[in-house]
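Undergrad: Take a look and give me a structure for this.
(one chain, ligands or ions: 1)
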Amino acid sequence: MDLSIRNLVKRFDRLTALDNVTLDVPHGNFVCFLGPSGCGKTTLLRVIAGLEDADEGTIELGGEDLTAVPTRARNFGVVFQSYSLFPNMSAARNVGYGLECRRWDKAKIGSRVDEMLDLVHLGDHRTKLPAQMSGGQQQRIALARALAPDPSLLLLDEPLSALDAKVREELRVEIRSLQQRLNLTTIMVTHDQEEALAMADVVVVMNKGTIEQIGSPRELYAEPQTAFVADFIGRMNILRLDENAPMQPSFGGVALHLADSAHTADHITALGVRPEMISLTEVDAAGDNTLSATVTGVTYLGNITRVEVVTDAEPKAPISVELHGASAVPKVGERLGIVIPAEALRVLA
Ligand SMILES: Nc1ncnc2c1ncn2[C@@H]1O[C@H](COP(=O)(O)OP(=O)(O)OP(=O)(O)O)[C@@H](O)[C@H]1O
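TA: Next comes the predicted model:
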């Protein structure tokens, strides 16, 4: 069922945690709320779950207004960062507990618990207590518990952030494939951009209680609309343009040419370019968007080498260039030219 959020406002005293948030989540989508600490993503998830009341706005699921529907009756599965399993209950009992509360009959609970434990590959762990399981296993049990009542929406609040890197990556893949198999509309809160890009169909980038941009991971990476999004998702060089520039954008007095399709704003103040889009050339090479520069740092990172340069035009604004694989790597202090392709420049608000 589609989830439709309209003009949500949530205040805590004088702080506006959600400021007029409007969002559509189509059925079967995996959506990530992504943003820095304090941007309001957990509050938004909690309002959707019914754990927090909104001050203004509406939430509808499949056309039904949820405002007056209590948390319990919403039938949403929720998984939190801390596994929040009952410590004195076995894995199986934890998974079945919500079904007992919903008064499912015993035989049905037994078969559903088996099914859920198999789904998360923990059929052999049914009698274990939470303390006898690893963090990753406990989080799988929490997931099985959330899925057992066949929820209409799955809400995940930083479910992987307490786990170590390897387990986190395994569970990423597992959660995503489960979600796709069940075609279950899912919302996950994270502050980890890599996690959001790897898992989501749609990423909602939040900043200070508002939505900055909504898009697929590819769209957000390739076409960020604001400097905030550009900076938050991947690495982006942000070129602050000369303020007194006439119609032609310029950086440190050097005119920059944009692709025709980039000319959307009247007054452009900043441009973004991804480090991997910039190439190196001779220091005195001529050509559009070619700036002479000095290398100030070189960092070898295995698959890429990151080269920091300062341009003669604007020495106060260092620029990162990423070279792939077997490219020739310059040395610190070397003079060279950088080429910024017009089609790689993004206009940022
Ligand atoms: N119960 C509360 N009472 C008062 N202020 C709150 C409450 N819950 C959240 N806030 C404030 O609302 C803002 C948004 O908080 P929220 O937890 O939604 O942010 P977040 O993006 O999830 O951050 P984090 O990643 O750190 O959890 C913050 O400034 C926070 O301090």
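Undergrad: Please count neighbours and contacts with C-alpha atoms only from this point.
TA: Fine.
Undergrad: Residue 232 and residue 192 touch, don't they?
TA: No. Look at residue 232 against residue 192 with Cα atoms under 8 Å: they stay out of range, at 9.6 Å.
Undergrad: out of these two, which sits in the more crowded spot?
TA: It is residue 232, of residue 232 and residue 192, that has more neighbours when counted by other Cα atoms under 10 Å, with 20 against 17.
Undergrad: The residue in the stretch 151-300 of the chain that the ligand sits nearest to: neighbour count?
TA: Nearest residue of the stretch 151-300 of the chain to the ligand: residue 191, at 6.0 Å (Cα to the nearest ligand atom). For residue 191, the neighbour count with other Cα under 10 Å is 20.
Undergrad: likewise the one 10 residues further on?
TA: Residue 201 has 16 neighbouring residues, counting by other Cα under 10 Å.
Undergrad: ok, it - contacts?
TA: 29-31, 216-217 (Cα atoms under 8 Å, 6 or more residues apart in numbering).
Undergrad: if we go to 7 Å?
TA: Neighbour list for residue 201: 29-31, 216 [criterion: Cα atoms under 7 Å, 6 or more residues apart in numbering].
Undergrad: just residue 147 next, same as before
TA: Each residue near residue 147 by Cα under 7 Å, 6+ apart is listed here: residue 77.
Undergrad: i'd like the first residue to be 474 from this point on
TA: I'll keep to 474 as the first residue from here, and by that count the last item is residue 620.
Undergrad: Okay, it and residue 573: tell me how far apart.
TA: Look at residue 620 and residue 573: by Cα to Cα, to the nearest Å, they are 14 Å apart.
Undergrad: Equivalent analysis for residue 700, please.
TA: Distance check for residue 700 against residue 573: by Cα to Cα, it reads 50 Å.
Undergrad: Please apply the same query to residue 691.
TA: For residue 691, the distance to residue 573 (Cα to Cα) stands at 43 Å.
Undergrad: Same check on residue 602?
TA: 18 Å.
Undergrad: if we can go back for a sec, so for residue 700 and residue 573, which sits in the more crowded spot?
TA: More crowded of residue 700 and residue 573, by other Cα under 10 Å: residue 700, with 20 against 13.
Undergrad: which residues sit in contact with the more buried one?
TA: Listed by Cα under 7 Å, 6+ apart, the contact set of residue 700 reads 821-822.
Undergrad: If I look at it, what pLDDT would I see?
TA: Note on residue 700: pLDDT of 90.
Undergrad: Show me what the helix ranked longest in the chain is packed up against.
TA: Across the chain, the longest stretch assigned as helix under DSSP state H is helix 638-655. Contact analysis of helix 638-655 by 3 or more Cα pairs under 7 Å, 6 or more residues apart in numbering; DSSP states H and E lists no helix or strand as a packing neighbour.
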